[in-house]
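Sequence and predicted structure below; questions after.
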Amino acid sequence: MAYEALDFYDIDSLLTEEERMVRDMVRDWVEERVLPNIEDACRDGIFPDEWRVEIGEMGILGAPLKGYGCPGLSYIAYGLICQELERGDSGVRSFASVQGSLAMYPIWDFGSEEQKEKYLSGMAKGELVGCFGLTEPDYGSNPGDMITRAEDRGDHFLLNGAKMWITNGTIADIAVVWAKLEGVIRGFIVEKGDEGFSAPEMKGKHSLKASVTSELVFQDCKIPKDRLIPGVKGIRGPLSCLNNARYGISWGAIGAAQSCFNSAREYSLSRIQFGHPIASFQLVQNKLSWMLREITKGQLLAYHMGKKKDDGSWIPEQISLAKMNNVDMALEIARMSRDIHGANGILDEYPVMRHMANLESVKTYEGTHDIHNLILGRHITGIQSFTREP
Amino acid sequence: MGVAVLLKQVPDTTAKISVTGGRVDESSITKWSISPYDEYALENAIKLKESGYGDVVVITCGPARASKCLTEAAAVGADKLIHVVTESGSLDSIQIQALLSAAVKESSCDVVMCGKQAADTNSGSTGPGVASALGYSCVGAVTEVSIEGNVISATRLGPLGLEEVEVETPCVFTFDKGDTELRRPNVRGIMMAKKKPIDSLTSDDLGVDTSNSMVSVESHSSPPEKPPGQKFVGAESVPAVVNMLRNDANVI
Amino acid sequence: MSTTVISESSNNSLHPITAQLVGAASALGGSITIICPGGIGATDAAQISGVSKVISVEGGCFNTYDCIAWSESLSPLVKDDLILSSSSAMGRELISSIAATKGVPVVQDVTNLAEGLLVTRSIYSGKAIEEVRISSPCAISLRTNSFEAAGGGGSAEITTVNVSRDITVAVKQALTKAGERLDVSEADIIISGGRGMGEPSNFSHLYEVADALGAAVGASRAAVDTWDDIPHSMQVGQTGKTVTPNLYIAVGISGAIQHLAGMRSSKYILAINKDPEAPIFSVADYGIVATWEEALPVLKDQLSEILSS
Ligand SMILES: Cc1cc2nc3c(=O)[nH]c(=O)nc-3n(C[C@H](O)[C@H](O)[C@H](O)COP(=O)(O)OP(=O)(O)OC[C@H]3O[C@@H](n4cnc5c(N)ncnc54)[C@H](O)[C@@H]3O)c2cc1C
Ligand SMILES: Cc1cc2nc3c(=O)[nH]c(=O)nc-3n(C[C@H](O)[C@H](O)[C@H](O)COP(=O)(O)OP(=O)(O)OC[C@H]3O[C@@H](n4cnc5c(N)ncnc54)[C@H](O)[C@@H]3O)c2cc1C
């Protein structure tokens, strides 16, 4: 049956025609290109290159950025794009999030004119793939203590260190790498083929299998001086990228939740036990009604967050709440949906287990669930509890 | 010169159709789309334009909601958008063809393309009817066209199979599916489409009398439920089924 | 009410739908005239019972198909208030053009026709039924196998008329001959294969059954899209052909809604699918849960047994 998105509070009526058209375009693409092929991609552990090309052709990368060949869409449209991509698979949404919010955004906001001219339009078309290197083997939730270092060698910089868990790393043409220069976090653009740079792929994931995850290794990696991103210093640089990506995830999670809800509803209506469709039992209805409730709340949250992104009246803590809430509800819905599917729920014929496994990554990256709790805790009490030092 | 594409907005082929009070409840249809064969007409019109043949003018005849299909067409490359605004479902074929023909005349296009039939009524009256009304030639069930001067060669599924035909403009082509891949819209197209004005015309503007329809809908109903089928497991049930096909159903 | 029937032909002879058109017209009373484009099947048409007159229209333009030239040649010969044709691709096109030329409305693909001119047709791919009142003069195309055919034994007078119009559509070359095989839109029995056939070469098993039954072979879109050897002309469904045979046999077809759109109004449906949950079973009168590898050989044997006896 055709996919009918849950829209209990008629969010659709709040969208502009342009936003709806962009949403439908991505929805159709996911329906035609992702859903029939996603299980193969997961089994093979690849992000099919034609998806990169087609996403580029749709012109949705770096959605809310303006100028330099970028789409210049609203944040609501960007959210809708994430929602539809993640209805297909979190890995596909991750590709777009990393490219747009983590790789294009810092160049767009903090890059030099030359850097913007050189990279952005190719990235918007998907011809150049970017990745974002912040996390290190020993520094995840506290990236501020990273050990990757850059040294000024007069006519070039020398990078040393390693990044881990880097989405798109191996397939990327450029990496936006955060490293300390004289003790201060700075962004650098490293290009594929730069001397001393390699990006081996990490294998064996049980989650986000259709997304490439890599290490970035810098051994006396030599990069020209003009690859330093001039406009930002300190942890604010990477964090401002994360704000945009996290906002997108708050929508993406709704897509994954919708997929799981949809499958649960259809399955429960057709599965007969004790002589009746299981959808007719109160305990199952309770689950479905809970899903409807949580998805609807998540939609209102994401929509309003998008409006605030569009008018500039937001604070990062609001994004933390949207990301943690929506991923949390999506993961819970995935688990509940898996339960409703019984044994069938573990099969790859249903999207549920895949979303469930994916959402475990989504819960962790872009600030773990609990790190967002701590961000909100600090906001409420004024007391930071990330470290024991005052 | 130019290609007019006649588009009809229909419930998406996957939409649920419900009947209340003897009428299809249009308000419960959640998704309206360009009728699938019309999309092939549009794609081929855009290709013709890319090979240098004038603008693509898309024309739809229908209620207010139908303007959306014009914007969708603009997003993939249509140049001019004409909406002939009518009440839903009240006109007969002669009236619709008169409105569309008048709109084609306004556009001064000498090539007209449409789907071989629309997915709602599956009629297929519009293309040949408009051709007769305009005095144009007509080639049906076409899958591909190319143009040289004012001669268009087309691949059509004729009564004798697939054949290549040549026809001079002015001509109407009705499209079948074929191998043509439909282009996907992109963000740039969508943003440009939003800015494109829609020329809204009424039957009065076009000088067509739509007061007396010769056709009126008496009622709609849901299709009768089939009696439940019988299901058998295993190839060993084949003989029994063959027997029923022969003796109960009388079809073999 | 008197009626003009535009006859339907295939392979240079009269198509059986023509007798069904006459059957439908007879139920309304009044005289019945059959017009035979190109004169094809005129003698057979004259033998359909209830026909008062056959006009055999001969003329150069009938050597190739040009809908406008045909309709302009035929329209002046149509004198009755009701025009009937088959709802085949050509039937629809021709009657649309004739109706437009005469300035009368047309309703297509009708499955029931009653006095007062109340017609029934299926809309939204069979998801609803529409009853329409249409005032004559008007034109109506009828769906195959929906009307009782008139019997034989008639002896209508045949008038030969020579008219022609300029052909504007020139056939340059035939790209593929219409298969020697029956086309799905013409067959009373269709056996279709889907992606479940595994490989296009496995369609040979379907052809064997088809040969035994005199059936046409069709396909799902997945089969057409996946395999170059399966041409689009075989596709049944929303973007393929809509068929209404007496018997539709679906093998290895899941029964997606777009496929059902093209075949659900078949009189009887037999589905063979290994998946007991396949949606095709919900429209099947007879469902066999089995792989085709197991089921088709038995089917072939059974058919040759009963058909030879
Ligand atoms: C598939 C995938 C793709 C990724 N892609 C990228 C990428 O493209 N670029 C990039 O830079 N990174 C990427 N990451 C890394 C991701 O951002 C980190 O995994 C994340 O920041 C968490 O770091 P960690 O895994 O080291 O966990 P840790 O920081 O070690 O956390 C482990 C656990 O401890 C908890 N914890 C940590 N500190 C505290 C505290 N103070 N109080 C309470 N609890 C605490 C956490 O909540 C968590 O539950 C990716 C990760 C995955 C899984
Ligand atoms: C706008 C649009 C228009 C469309 N138009 C059409 C159309 O006109 N016609 C059409 O058909 N589709 C159409 N489709 C596509 C449709 O949605 C389905 O994708 C298609 O019908 C599926 O074809 P299938 O049943 O052959 O394949 P699948 O859905 O892959 O089904 C294969 C079936 O074979 C069974 N099977 C596998 N192995 C065996 C075996 N050894 N023995 C027996 N059974 C086996 C499986 O259980 C399964 O049920 C359209 C789609 C869209 C979006």
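That came in fine, so what should we check first? Predicted model only: the values in this text are computed from it and were never measured. Numbering: from 1, shown residues only, chains lettered A, B, ... in the order given. Ligands and ions are numbered 1, 2, ... in the order given.

Pull out the buried residues from the helix or strand hosting residue A:380.
According to DSSP states H and E, residue A:380 maps onto helix A:369-381. For helix A:369-381, a neighbour-count test (16 or more other CB atoms under 10 Å in any protein chain shown) marks A:369, A:371, A:372, A:374, A:375 as buried. For glycine as for every other residue, the C-beta is placed from the backbone atoms N, C-alpha and C.

and if you look at stretch C:21-32?
Under 16+ other CB under 10 Å, the buried positions of stretch C:21-32 are C:21, C:22, C:23, C:24, C:25, C:26, C:28, C:32.

how much space between the fifth one and residue C:142?
Spelled out, it's residue C:25. 9 Å (CB to CB, to the nearest Å).

quick one: stretch C:130-139 near chain B?
Yes. Stretch C:130-139 lies within reach of chain B by CB under 8 Å from any CB of the partner chain, at C:130, C:131, C:132, C:133, C:134, C:135, C:138.

what's the lowest-pLDDT member of those?
By pLDDT, residue C:135 ranks lowest within the residues of stretch C:130-139 next to chain B, coming in at 92.

which residues does it contact?
Shown in contact with residue C:135 (CB atoms under 8 Å, 6 or more residues apart in numbering or on different chains): B:214, B:215, C:117.

Likewise for residue B:125?
Residue B:125 sits next to B:93, B:97, C:92, C:96, C:99, C:106, C:108 when contact means CB under 8 Å, 6+ apart.

Next, format these as CSV and append neighbour count and secondary structure.
Output for the contacts of residue B:125, formatted as CSV (neighbours: other CB atoms under 10 Å in any protein chain shown; DSSP: H, G, I helix; E, B strand; the rest coil):
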residue, neighbour count, secondary structure
B:93, 26, helix
B:97, 30, helix
C:92, 26, helix
C:96, 32, helix
C:99, 32, helix
C:106, 30, strand
C:108, 25, strand
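
re earlier: ok, which pair from the residues of stretch C:130-139 next to chain B is furthest apart?
For these, with distances taken as CB to CB, the pair at the greatest spread is C:130 and C:135 (16.5 Å).

Can you get me a residue count around residue A:44?
11 (other CB atoms under 10 Å in any protein chain shown).

ok, now how distant is it from chain C?
As judged by CB to the nearest CB, to the nearest Å, residue A:44 and chain C stand 19 Å apart.

just residue A:179 next, same as before
49 Å.

I'd like to know the phi and psi angles of that residue, please.
Backbone geometry at residue A:179, expressed as degrees, to the nearest 10, gives phi -150, psi 160.

For it, which residues are in contact?
Counted by CB under 8 Å, 6+ apart, residue A:179 has contacts A:146, A:148, A:149, A:150, A:159, A:161, A:185, A:186, A:188, A:218.

Output stretch A:92-112 in PDB, but only the C-alpha positions, please.
Provided in PDB are the C-alpha atoms of stretch A:92-112 (Å, rounded to 0.1, in the frame of the first residue of the first chain):
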ATOM      1  CA  VAL A  92      20.900   8.200   3.900                       C
ATOM      2  CA  ARG A  93      19.900  11.000   6.200                       C
ATOM      3  CA  SER A  94      23.300  10.900   7.800                       C
ATOM      4  CA  PHE A  95      25.000  11.300   4.400                       C
ATOM      5  CA  ALA A  96      23.000  14.500   3.800                       C
ATOM      6  CA  SER A  97      23.300  15.800   7.400                       C
ATOM      7  CA  VAL A  98      27.100  15.400   7.300                       C
ATOM      8  CA  GLN A  99      27.500  16.900   3.900                       C
ATOM      9  CA  GLY A 100      25.200  19.900   4.500                       C
ATOM     10  CA  SER A 101      25.300  20.700   8.100                       C
ATOM     11  CA  LEU A 102      28.800  19.500   9.100                       C
ATOM     12  CA  ALA A 103      30.900  19.900   6.000                       C
ATOM     13  CA  MET A 104      29.300  22.700   3.900                       C
ATOM     14  CA  TYR A 105      28.000  24.700   6.800                       C
ATOM     15  CA  PRO A 106      31.400  25.600   8.400                       C
ATOM     16  CA  ILE A 107      32.800  26.500   5.000                       C
ATOM     17  CA  TRP A 108      29.800  28.600   4.300                       C
ATOM     18  CA  ASP A 109      29.700  30.400   7.700                       C
ATOM     19  CA  PHE A 110      33.400  30.600   8.600                       C
ATOM     20  CA  GLY A 111      35.300  29.900   5.400                       C
ATOM     21  CA  SER A 112      37.300  32.400   3.300                       C
END
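
how about it, does it reach ligand 1?
Yes. Using CB under 6 Å from any ligand atom, stretch A:92-112 reaches ligand 1 at residue A:98.

Among the contacts of residue C:135, name the ones in strands.
residue B:215 (DSSP state E).

between the contacts of residue C:135, which is closest to ligand 1?
residue B:215 (60.4 Å; CB to the nearest ligand atom).
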